[in-house]
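In: Next come a sequence and a model predicted from it.
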Amino acid sequence: MAAVQEHPGNLKRQLENLFDASLRSTVPHETSVETEVTACLPGRPGDYQCNNAMGLWSIIKGKKTQFKGPPAVGQALLKNLPASEMVESELCSVAGPGFVNVILSSKWMAKSIETMLIDGIDTWAPTLPVKRAVVDFSSPNIAKEMHVGHLRPTIIGDTLARMLEYSKVEVLRRNHVGDWGTQFGMLIEYLFEKFPDTESVTETAIGDLQTFYQKSKSKFDYDPEFKEKAQKSVVRLQGGDPTYLKAWTKICDISRAEFSKIYQRLGVVLEEKGESFYNPYIPKVIEELNSKGLIEESEGARVIFLEGFSIPLIVVKSDGGFNYASTDLTALWYRLNEEKAEWIVYLTDAGQHQHFSMFFKGLGNGYMNQAARKAGWLPESDKTYPRVDHVGFGLVKRNDGKPFKTRSSKVVRLVDLLDEAKTRGKAALVERGKDKEWTPEELDQTAEAIGYGAIKYADLKNNRSTSYTFNFDQMLSDKGNTAVYLLYAHARICSIIKKSGKDIDELKKTGKLALNHPEERALGLHLLRFAETVEAACTNLLPHVLCEYLYELSERYTTFYSVHQVIGSAEEASRLLLCEATAIVMRKCFHLLGITPVYKI
Ligand code: ARG
């Protein structure tokens, strides 16, 4: 039973531990069989089920055993289940080809929720096998504006980081900004040309950095003399010339200030370690790979040949310069060996699929995985830690299915999207007369919570590998699976608690929670599934799993509330506690999804 206590919140894990014990006594010789417990689908005669009987039968049927078929194996699994206060043994059953249907004790369920109310929802946090992780996310390029394409890596990355942090993993939130490419030659040269007195250039003088980038780029493309200067400029910058370094710093600073405004609005925290950071380490890393016999010469370049690829990975270009891959390889070395990260998660847009899928396409397949494995930085199996995962995702599309661009075919700026979401959110509140009820600050904060929450949720609720359509009307609707609907549902629960006039903190200490009615029990069961859901969403790097959970939670709450009176009923105390537990779990979901909760509507 000791193992059970390791996972106070994780129902599924606790049941797995019980079935583990049962499996060991039912078939003591089959030690390699893994216990399989899943939540029952709605309408099935159980809360959870153990699915091992059929698989076990196919293993043991040729051997001499007391069993005559899968149902008998299921019966034995049920009989050998250790006694536990969480399971209602008399109500459990074996169905079909041996599925063991488990009914949880409603009393135990109520008690577990009461305990969470007292000890806090952090006691339901997942336990992961890693202590430190790197999440490499957002990562825009300096001197370019953040556009709609940066939405997904920023939002999904932040949520994954939040889920890991909730699981007590130390997360290094890395913004791997593109701050060291050849584009800096043209940017610096253009800066010198426009502002010969670079020292005094201010942010406002340069104005819109995006336009500055475009102008320097077109000059680079059409003016051969400028192009040559720009190329020399890169060499001087990379050689450490102070004048060039200063100009580079200036450009980076301006960009950084722009990026941080967006991050602040989205409530996203990132620590910048851009490409330039890894630059000084590249030669050393190349040397290490070389000493391990991994590097060869090919057409003047230094490359690594890896199994399954006809084209080698270039780590030093023929002109002696480094590239994106040299930097990423070095960053991987740094994160594994210097920062001692056990799990590294990369988020990039679809445009980089090629680069990353080549790198991390599973064991023995990716350039980087293979190189890192050959160098001894990563273990042989990609199922064990330390490990690397590339989180890819689909595109953000327009209503008509085309990629998201403005009519002038420019990419939509992220700032404009955020502004519009907030404006629309505010308009909806004003329409409901909230400007007369609330202070301007309250109105503003709620409009932001709704607007930004809507954008985030509309992104996160989709399975990340699919593309989705960006539609303000849909995401800001107060009906259906939207952030607005969920935020309102939460606010409604809060107002019920408030209206009761009861001191909820006092009630947590003195009140008793009971799950006597089917709707109460269904809600309670869903609350108790929170821990295993976050764990699944986090370990599989799939935030939509948590969104589905949250939506279903509010549905179950609505069913409960539409059937049962809360205030003034004989069960008022118990039902208020159930309301409070629902609000707490909802808030935790919002927190993990980076959405600010709303308390009144
Ligand atoms: N800066 C890159 C881009 O905007 C993304 C970087 C992703 N991270 C990495 N380690 N390569 O395209």
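Out: Nice, thanks for sending it over.
In: quick one: low-confidence parts of the stretch 151-300 of the chain?
Out: 200-207 (pLDDT under 70).
In: quick one: the strands in it?
Out: Applying DSSP state E, counting those that start in this stretch to the stretch 151-300 of the chain gives strands spanning 170-175, 271-272, 295-298.
In: Next: the chain.
Out: For the chain, the strands defined by DSSP state E cover 37-39, 48-50, 93-95, 99-102, 132-136, 170-175, 271-272, 295-298, 301-304, 313-316, 343-347, 387-391, 396-397, 468-469.
In: closest one to the ligand among those?
Out: In terms of Cβ to the nearest ligand atom, the element of the strands of the chain nearest to the ligand is strand 132-136, at 4.8 Å. C-beta: built from backbone N, CA, C; applies to glycine.
In: Check which helices and strands the closest one sits against.
Out: Applying 3 or more Cβ pairs under 8 Å, 6 or more residues apart in numbering; DSSP states H and E, one finds that strand 132-136 makes contact with helix 151-166, strand 170-175, strand 343-347.
In: Need the contact partners of stretch 39-56.
Out: By Cβ atoms under 8 Å, 6 or more residues apart in numbering, the residues outside stretch 39-56 that reach it are 11-12, 15, 19, 23, 26-27, 30, 33, 35-38, 70-71, 73-74, 77, 92-95, 97-104, 525, 529.
In: oh, I was asking about stretch 507-526
Out: Applying Cβ under 8 Å, 6+ apart, the contact partners of stretch 507-526 are 47, 104, 106, 109-111, 113-114, 117-118, 549, 552-553, 556-557, 559-560, 563-564, 571, 573-578, 580-582.
In: Go again with 6 Å.
Out: Contact with stretch 507-526 is made by 47, 106, 109-110, 113-114, 117-118, 553, 556, 559-560, 563, 573-574, 577, as judged by Cβ atoms under 6 Å, 6 or more residues apart in numbering.
In: Now list the buried members of these.
Out: 47, 106, 109-110, 113-114, 117, 553, 556, 560, 573-574, 577 (16 or more other Cβ atoms under 10 Å).
In: one step back: derive a PyMOL selection command for the buried subset of the contacts of stretch 39-56.
Out: A single PyMOL command is used to select the members of the contacts of stretch 39-56 judged buried by 16+ other Cβ under 10 Å:
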select buried, resi 11+12+15+19+23+26+27+33+35+37+70+71+73+74+77+92+93+94+98+99+100+101+102+103+104+525+529
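In: picking that back up, go through the contacts of stretch 507-526 and flag which are in helices.
Out: 106, 109-110, 113-114, 117-118, 553, 556, 559-560, 563, 573-574, 577 (DSSP state H).
In: Compare the helices and strands packed on strand 132-136 and give me the one nearest C494.
Out: helix 151-166 (21.8 Å; Cβ to Cβ).
In: What helices and strands are in contact with the closest one?
Out: strand 132-136, strand 170-175, strand 343-347 (3 or more Cβ pairs under 6 Å, 6 or more residues apart in numbering; DSSP states H and E).
In: Leaving out the residues flanking it, which one is nearest to the closest residue to the ligand within the stretch 401-550 of the chain?
Out: Nearest residue of the stretch 401-550 of the chain to the ligand: V411, at 12.6 Å (Cβ to the nearest ligand atom). Among residues not flanking V411 along the chain, H147 sits closest, at 4.1 Å (Cβ to Cβ, 6 or more residues apart in numbering).
In: Run through the bridge partners of the one you found.
Out: Beta-bridge partners recorded for H147 (DSSP bridges): R413.
In: for it, what are its contacts?
Out: Contacts of H147 by Cβ under 6 Å, 6+ apart are V411, R413, L414.
In: same thing but 7 Å
Out: By Cβ atoms under 7 Å, 6 or more residues apart in numbering, the contact list for H147 reads V411, V412, R413, L414.
In: ditto for A21
Out: By Cβ under 7 Å, 6+ apart, the residues touching A21 are P82.
In: Spell out which residues of the protein are next to the ligand.
Out: D136, S139, P140, N141, H176, G178, D328, A331, Y346, T348, Q352 (Cβ under 6 Å from any ligand atom).
In: Now with 5 Å, please.
Out: D136, S139, N141, H176, G178, T348 (Cβ under 5 Å from any ligand atom).
In: Make a markdown table out of those residues and add neighbour count.
Out: Output for the residues of the chain next to the ligand, formatted as a markdown table (neighbours: other Cβ atoms under 10 Å):
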| residue | neighbour count |
| --- | --- |
| D136 | 25 |
| S139 | 23 |
| N141 | 17 |
| H176 | 24 |
| G178 | 19 |
| T348 | 21 |
